[in-house]
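Engineer: okay, sequence plus prediction incoming.
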Amino acid sequence: MSFRKEKFLSYRESDVISRVNYLDDLSDDEIKNLFLEVLYNGVHGFCFSLYEEGQKPGDIISGDQIRKRIEILNKYTGWIRSFSCTEGNELIPKIAKEYGMKTLVGAWLGNDEEKNSEEIENLIKLAEEGYVDIAAVGNEVLYRGDLTESKLLEYMNQVKSGLPDIPVGYVDAYYEFVQRPEISETCDVILCNCYPYWEGTHFKHSFQHMRQMYHQVVDAAPGKRVIITETGWPSRGEGLGNAEPSERNAMMYFINTELWSNDEDIEVFYFSSFDEDWKVSAEGDVGAYWGIWDKVGNLKYG
């Protein structure tokens, strides 16, 4: 989630980024068929949704539960992104590697120093054991205000020193990398979240807006590898500003994103893989409907 009130309804179309539209005048049936074609052809990556109904962060999750979802995703993608290295999350990259997948592994940082140390130690240990292809030190901690920029840099440099042969980055909303050049400079790889939905953008402008977010980061970090670590569109729930959830919009956003990713070789981790009820507490009812699969593992579209 990357809602910030000063970004709300702020979209203005850039004349620098050319307009692209893959979906003019397609019927509902044509959208469903194209969605399935894009998915079955395979996408770069998915954010791994760990929690089933009744579960939430802090619960200990079993390897069997993780394996069940990895077996679904493995057919459609070669990369998985995880968010933490404790409470069962540390099993995600290990099981993904059993299926030949690559991993972007995150250490979840917050305002608890003891917990942060455990996350960092586990991230380094997983990487040393060969389970990490890209290491992410923190997720939206600057957006949430959990850490100062200097403390985050300290953690990032600790991991870079411990893992000199693995790309290390930090995940946050795209504009944080524009506004914080020292963070961008410290990242080996820029890991940005790009959500037109959370800025209240009308769906008809969403694809253009997401691409503009990406190119702002590229321009702010010249020469750096830039990965979109989260983008997506919900299928149900209350709208935000001009942004309206719907199954058709969710399918079209996925198609636009993945065709662009493929055409221009942009690395994207789609958010998300499965619907998760626990997100309602932070995001309202829309929080439960970001998945491509529902909360019991059924494909939602097509």
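Structural biologist: Alright, I've got the coordinates. Numbers count the residues shown, from 1 in each chain.
Engineer: please name the nearest non-neighbouring residue to R69.
Structural biologist: F274 (6.5 Å; CB to CB, 6 or more residues apart in numbering). For glycine as for every other residue, the C-beta is placed from the backbone atoms N, C-alpha and C.
Engineer: show me where the stretch 151-300 of the chain has its strands.
Structural biologist: Along the stretch 151-300 of the chain, counting by DSSP state E, counting those that start in this stretch, strands occupy 168-173, 189-193, 225-230, 269-270.
Engineer: what is the least confident helix or strand in the protein?
Structural biologist: Within the chain, confidence by mean pLDDT, DSSP states H and E is lowest for helix 280-283 among all helices and strands, at a mean of 91.
Engineer: pull that one out as CSV, backbone CA atoms only.
Structural biologist: In CSV, the C-alpha atoms belonging to helix 280-283 read as follows (Å, rounded to 0.1, in the frame of the first residue of the first chain):
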residue,chain,number,x,y,z
VAL,A,280,-8.8,-5.4,5.1
SER,A,281,-7.6,-4.1,8.4
ALA,A,282,-5.2,-1.6,6.8
GLU,A,283,-6.8,-1.0,3.4
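Engineer: contacts only, for the residue nearest the centre of the chain.
Structural biologist: Most central in the chain under CA atoms, centre = their mean is E230, positioned 2.3 Å from the mean C-alpha point. When contacts are counted by CB atoms under 8 Å, 6 or more residues apart in numbering, E230 is found next to 2, 47, 171, 193-195, 269, 271-272.
Engineer: so A135, which state does it fall into?
Structural biologist: At A135 the chain is in strand, as set by DSSP: H, G, I helix; E, B strand; the rest coil.
Engineer: the strands in the stretch 1-150 of the chain, which residues?
Structural biologist: Using DSSP E, counting those that start in this stretch, the strands of the stretch 1-150 of the chain run over residues 43-47, 77-82, 102-107, 134-139.
Engineer: which of these sits most buried?
Structural biologist: Mean neighbour count (mean count of other CB atoms under 10 Å) peaks for strand 134-139 among the strands of the stretch 1-150 of the chain, with a mean of 26.
Engineer: please spell out which residues along stretch 139-151 are buried.
Structural biologist: If you call a residue buried by 16 or more other CB atoms under 10 Å, then stretch 139-151 has these buried ones: 139-143, 146-147, 151.
Engineer: one more: stretch 10-28?
Structural biologist: Using 16+ other CB under 10 Å as the test for burial, stretch 10-28 gives 11, 22.
Engineer: from the chain's centroid, how far away is that stretch?
Structural biologist: Counting by CA atoms, centre = their mean, to the nearest Å, stretch 10-28 is centred 22 Å from the centre of its parent chain.
Engineer: now that stretch: average pLDDT?
Structural biologist: Stretch 10-28 carries an average pLDDT of 78.
Engineer: which residues are contacting that stretch?
Structural biologist: 31, 34, 196, 199, 201, 205, 207-209, 211-212, 215, 248, 252, 255-256, 259-260.
Engineer: how about a cut-off of 7 Å?
Structural biologist: 34, 199, 201, 205, 208-209, 211-212, 215, 248, 252, 255-256, 259-260 (CB atoms under 7 Å, 6 or more residues apart in numbering).
Engineer: try stretch 146-165
Structural biologist: Residues outside stretch 146-165 that contact it (CB under 7 Å, 6+ apart): 109-111, 116, 120, 123-124, 127, 135, 137-138, 141-142, 168, 170, 180, 182-183, 186.
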